[in-house]
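Peer 1: Predicted model follows, preceded by the sequence.
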Amino acid sequence: MLTPLGRLDKYAASENVFNRQMVARSLLDTLREVCDDERDCIAVLERISRLADDSEPTVRAELMEQVPHIALFCQENRPSVPYAFSKYLLPIVVRYLADQNNQVRKTSQAALLALLEQELIERFDVETKVCPVLIELTAPDSNDDVKTEAVAIMCKMAPMVGKDITERLILPRFCEMCCDCRMFHVRKVCAANFGDICSVVGQQATEEMLLPRFFQLCSDNVWGVRKACAECFMAVSCATCQEIRRTKLSALFINLISDPSRWVRQAAFQSLGPFISTFANPSSSGQYFKEESKSSEDMSVEDKNRIRDQEVPEDKQIRPEDVPSHLSVSNPSVKLENTVEDCAAETSRKSPGEISVPVDNSLLCTLSSESHQEAASNENGKKPGNYKSTSRPEVGSGSQESALLDQELYNSFHFWRTPLPEIDLDVELEQDSGKKLSPERPEEAPEVTTPGSPNITMATRKELEEMIENLEPHIDDPDVKAQVEVLSAALRASCLHAHEGAVGVEERSDLQDELDISELPNCKINQDDSVPLISDAVENMDSTLRYIHNDSDLSTSSSFSPDEERRSKIQDVVPQALLDQYLSMTDPSRAQTVDTEIAKHCAYSLPGVALTLGRQNWHCLRETYETLASDMQWKVRRTLAFSIHELAVILGDQLTAADLVPIFNGFLKDLDEVRIGVLKHLHDFLKLLHIDKRREYLYQLQEFLVTDNSRNWRFRAELAEQLILLLELYSPRDVYDYLRPIALNLCADKVSSVRWISYKLVSEMVKKLHMATPPTFGVDLINELVENFGRCPKWSGRQAFVFVCQTVIEDDCLPMDKFAVHLMPHLLTLANDRVPNVRVLLAKTLRQTLLEKEYFLASASCHQEAVEQTIMALQMDRDSDVKYFASIHPASTKLSEDAMSTASSTY
């Protein structure tokens, strides 16, 4: 009989190609047979070297497929021969990279990457054996196909070999290949992998050596090269500094977006959102849902200076003489948490001669602190500290200002709250119109209007009357009635415009001396909102109008000129040209000239763009989001539905209630393909809403049981999963009244996977209701389970009752003494059930679950005696399976492992 080596020699010398292929395929098995003898292992490796010279390409390709496995075996089993791979196998891999046969080259490239990924090649070998060969293969006189493949290998191995080797050995040749004038295939490979190289070598090498080449590739004559550049643009941008990203890369990207080739434009628009996201600044993007965790002390001076420089450019610095005497809020849903700490921290740094206000399109806005103060105090008697504008402190008052800032680091106004109540605007305005600010009353801040622009900041009487008239048919709705009251108050307030012109120069001068405008929040004028009024108390009006009359034109944006409407979308976080191009992705003409799915790409990137801009710039994206939410393609709406909960975290509670809740409600009534996106993150979204708004969705949960296709059981399974999470958001009464019927319905579903999750849902519901005070709801639920399932005429219902009991026991949803009183008597009666499947499951539950509990092991009670009697009866059952599971201990036999599965013999 031949030895393993003899058999190897015999078939390796065969003239039959298939025999030699089998030899290559069995090399690993041969090594395993002789692994105890080191000399035999070396002999096998030497024969591999001879087999590598085979003239048949299929043999060489088969050998190369086995090399990574052989290398791994040598490393794991022959540590005493560390040179085996380096001496015998690596030279074969490197040599095959230039093989004449394409299949052999491909397998050797795959083998090399696999070896690098598993770190089977020493660093020294990479520098001395691998890289020199690749550099030689990419020489100008090299074969075209080999050169292209070698460049691709160099790019793919760069992340595996690290920055040092890449920068010393790979980067110079890569830069040369980017300028290969003869082979566009080489330039295309370089462009496709440009981002990977940039991420490996770092910012300095990218900016000094790679960016010039990238600019050349972006203007290449071949559209395929430019398209590859567009696809990797985000990765390149991540490897550069903010200044280069803003000044150079943004202009370069605009060129790609307007490229003559449709394929280039398509790739550029797909990368536009990711590219915009690279401009994000964590300290100013508004990514904290509530700002109580971020104070001005958490930010370094450098961060504050950078934010100040970004938000207040030189052309928006306002001199004291330009400050009007009255300012009015024109964005009822203004968000203050983002900027109050930054603005407060900057007070002491501002020079008296140059007061800067973060503004949108140089339209000044602030809000009446007195209005907010009264609104908040009307609600809960708390004074919101961060809505307080302070007058300019006198010399030596720095300690007082520091104390004030410490108080503003936390206040209850940052937390979830009910919407601000309506207040009597005309009374407040009459009180404020005759008042001056004084240092003795720092809590008062003036109302300020944009000079010469009363038509921009106030709605006319006619417009207010039209809005009230539109709301009259719905006056029965309490919300609508509240909005009518607010509009009526605004109508009365509009007569006070005449008082604004009577303000003298002396009052304006006093304001300049006393008001530190750098304390004012970074408010944005949003001309898309319904009625820009004076007080922030009308915040609810905007959201309710949009919710009730989403299709009616109640906004005053039509009264603005096109220039003013365009200015409302101006921000300073990303280059405006990039944002304008992103907003244009919803233009129907783009679908014709660029990509039919461009709206889907826009929707996919929108949360990232929103995070980059920050919630203070949400007004730039609101219209685009609403357009996408009403898109004709369900794939676009589905994309938004899957990400609306993430967007809610970015925007915060107020903007979510105003702008996202109406769209969320629309998705609830959409196709199942869209509804599933909302359903999968139902808990994530609802937990962000106020408790009153959250309760409104209790009435709609029942609708999720109805689907377009009744066989769509995954929809119901997801509903059960979400209901488990929703239990923590609602009171025991709400759980019992609204969630209980849905859970019991799901427990009787036709699909077992839905029922399995529903059993978990019911058990968690039992736990929550039992822990409530008083536990009457829990007792009622248990009684209903007994009545509907424990005594169900169908055996599947009785089986479901056993499953629920099993889950309650396993998850400790009820104390064992309570379980023994409320559920166990009804459970034990099923020992006489006429269906064996029910008795089998009962035997499993009693033997494997119930008797494992300490309560039944330690105590000698009547309950334990009843369980033992039931088990003895089941052991005498006429069904063999029932006797088996009632007789043996779960850990006594191997077969019991299968028996532990509740899926066996139970359906």
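Peer 2: The structure has been received and is ready for your questions.
Peer 1: tell me the helices in the stretch 551-700 of the chain, going along the chain?
Peer 2: 562-567, 576-583, 588-593, 598-613, 619-629, 634-651, 653-655, 661-668, 672-680, 682-686, 691-695 (DSSP state H, counting those that start in this stretch).
Peer 1: Number of residues surrounding residue 113?
Peer 2: When neighbours are counted by other C-beta atoms under 10 Å, residue 113 registers 15. No exception for glycine: its C-beta is placed from N, CA and C like everyone else's.
Peer 1: The helices of the stretch 551-700 of the chain: which one's closest to residue 192?
Peer 2: helix 598-613 (19.3 Å; C-beta to C-beta).
Peer 1: Need phi/psi at residue 13.
Peer 2: Main-chain torsions, residue 13, degrees, to the nearest 10: phi -90, psi 0.
Peer 1: Tell me where the model's unsure across the chain.
Peer 2: The chain contains residues with pLDDT under 70 at 1, 78-82, 282-463, 473-474, 476-486, 489-568, 857-861, 888-907.
Peer 1: make it 80
Peer 2: The model of the chain has pLDDT under 80 over residues 1-2, 4, 35-38, 77-84, 181, 282-570, 853-864, 888-907.
Peer 1: Show me where it has its strands.
Peer 2: Here the chain has its strands, by DSSP state E, at 317-318, 355-356.
Peer 1: count of neighbours near the closest residue to residue 70 other than its chain neighbours?
Peer 2: Distances taken as C-beta to C-beta, 6 or more residues apart in numbering place residue 28 nearest to residue 70, at 5.7 Å, with adjacent residues excluded. If you count neighbours by other C-beta under 10 Å, residue 28 ends up with 15.
Peer 1: Switch the helices of the stretch 551-700 of the chain over to TSV; also include mean neighbour count.
Peer 2: Shown next, in TSV, are the helices of the stretch 551-700 of the chain (neighbours: other C-beta atoms under 10 Å):
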stretch	mean neighbour count
helix 562-567	12
helix 576-583	18
helix 588-593	12
helix 598-613	24
helix 619-629	21
helix 634-651	22
helix 653-655	22
helix 661-668	19
helix 672-680	20
helix 682-686	20
helix 691-695	14
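Peer 1: Just put the ones you listed in CSV and tack on distance to residue 836.
Peer 2: Shown next, in CSV, are the helices of the stretch 551-700 of the chain (distance: least, C-beta to C-beta, whole Å):
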stretch, distance to residue 836
helix 562-567, 74
helix 576-583, 64
helix 588-593, 61
helix 598-613, 53
helix 619-629, 54
helix 634-651, 45
helix 653-655, 55
helix 661-668, 44
helix 672-680, 38
helix 682-686, 40
helix 691-695, 46
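Peer 1: Quick one: closest of those to residue 469.
Peer 2: helix 661-668 (22.1 Å).
Peer 1: Need the CA coordinates for that closest one. PDB is fine.
Peer 2: The C-alpha trace of helix 661-668 is given here as PDB (Å, rounded to 0.1, in the frame of the first residue of the first chain):
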ATOM      1  CA  VAL A 661     -46.200  64.000  13.300                       C
ATOM      2  CA  PRO A 662     -48.500  64.900  10.300                       C
ATOM      3  CA  ILE A 663     -46.300  63.000   7.900                       C
ATOM      4  CA  PHE A 664     -46.100  60.100  10.400                       C
ATOM      5  CA  ASN A 665     -49.800  60.000  10.500                       C
ATOM      6  CA  GLY A 666     -49.900  59.900   6.700                       C
ATOM      7  CA  PHE A 667     -47.500  57.000   6.600                       C
ATOM      8  CA  LEU A 668     -49.800  55.100   9.000                       C
END
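Peer 1: And for it, what's in contact with it?
Peer 2: 543, 546-547, 550, 625-626, 629-630, 637, 640-641, 644, 674-675, 677-678, 685, 689, 693, 700, 703 (C-beta atoms under 8 Å, 6 or more residues apart in numbering).
Peer 1: and the angle from that helix to helix 634-651?
Peer 2: 150 degrees (axes from the mean of the first three to the mean of the last three C-alpha atoms, to 10 degrees).
Peer 1: Use 272 as the first number from now on
Peer 2: Yep, numbering from 272; the last one is helix 932-939 now.
Peer 1: which residues sit in contact with the nearest residue to residue 495 once chain neighbours are set aside?
Peer 2: Nearest non-adjacent residue to residue 495, counting by C-beta to C-beta, 6+ apart: residue 459, 5.2 Å away. Counting by C-beta under 8 Å, 6+ apart, residue 459 makes contact with 493, 495, 496, 499.
Peer 1: Identify the residues contacting the third one.
Peer 2: When contacts are counted by C-beta under 8 Å, 6+ apart, residue 496 is found next to 455, 458, 459, 462, 488.
Peer 1: Distance to residue 377 for the contacts of residue 459 - can I get that in JSON lines?
Peer 2: JSON lines is the format used below for these (distance: C-beta to C-beta, whole Å):
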{"residue": "493", "distance to residue 377": "24"}
{"residue": "495", "distance to residue 377": "21"}
{"residue": "496", "distance to residue 377": "23"}
{"residue": "499", "distance to residue 377": "21"}
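Peer 1: Quickly note the distance from the residue nearest to residue 495 to residue 276.
Peer 2: 48 Å (C-beta to C-beta, to the nearest Å).
Peer 1: about what we covered before: looking at the helices of the stretch 822-971 of the chain, spot the one closest to residue 373.
Peer 2: Across the helices of the stretch 822-971 of the chain, closest to residue 373 is helix 869-884 (C-beta to C-beta), at 35.5 Å.
Peer 1: What's the end-to-end length of stretch 274-289?
Peer 2: Terminal residues of stretch 274-289 are spaced 21 Å apart (C-alpha to C-alpha, to the nearest Å).
Peer 1: rewinding a little: looking at the helices of the stretch 822-971 of the chain, which is nearest to residue 535?
Peer 2: It is, among those and with distance given as C-beta to C-beta, helix 859-864, at 12.4 Å.
Peer 1: which residues sit against that closest one?
Peer 2: Applying C-beta under 8 Å, 6+ apart, the set of residues contacting helix 859-864 from outside is 533, 536, 540, 855, 869, 870.
Peer 1: and with 7 Å instead?
Peer 2: Under the contact criterion C-beta atoms under 7 Å, 6 or more residues apart in numbering, helix 859-864 has outside partners 855, 869, 870.
Peer 1: and if you look at stretch 432-441?
Peer 2: With contact meaning C-beta under 7 Å, 6+ apart, stretch 432-441 is reached by 387, 397, 398, 402, 425, 429, 471, 472, 473, 476.
Peer 1: Which of those are buried, as a PyMOL select command?
Peer 2: In PyMOL syntax, the buried subset of the contacts of stretch 432-441 is picked out as below (16 or more other C-beta atoms under 10 Å):
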select buried, resi 387+397+402+425+429+471+472+476
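Peer 1: buried stuff in stretch 487-494?
Peer 2: Buried, per 16+ other C-beta under 10 Å, within stretch 487-494: 488, 489, 491.
Peer 1: ends of it, how far apart?
Peer 2: End-to-end distance for stretch 487-494: 13 Å, by C-alpha to C-alpha.
Peer 1: again with stretch 960-976
Peer 2: Counting by C-alpha to C-alpha, you get 23 Å between the two ends of stretch 960-976.
Peer 1: repeat for stretch 874-892
Peer 2: End-to-end distance of stretch 874-892 (C-alpha to C-alpha): 11 Å.
Peer 1: With stretch 448-463 instead?
Peer 2: Start-to-end, stretch 448-463 (C-alpha to C-alpha) is 13 Å.
Peer 1: How about stretch 968-987?
Peer 2: Termini of stretch 968-987 sit 17 Å apart (C-alpha to C-alpha).
Peer 1: What of stretch 434-448?
Peer 2: 19 Å.
Peer 1: What residues sit buried inside it?
Peer 2: For stretch 434-448, the buried set under the neighbour-count rule, 16+ other C-beta under 10 Å, comprises 436, 437, 438, 440, 441, 442, 444, 445, 447, 448.
Peer 1: What about those, which are in helices?
Peer 2: Counted as lying in helices by DSSP state H, out of the buried residues of stretch 434-448, are 436, 442, 444, 445, 447, 448.
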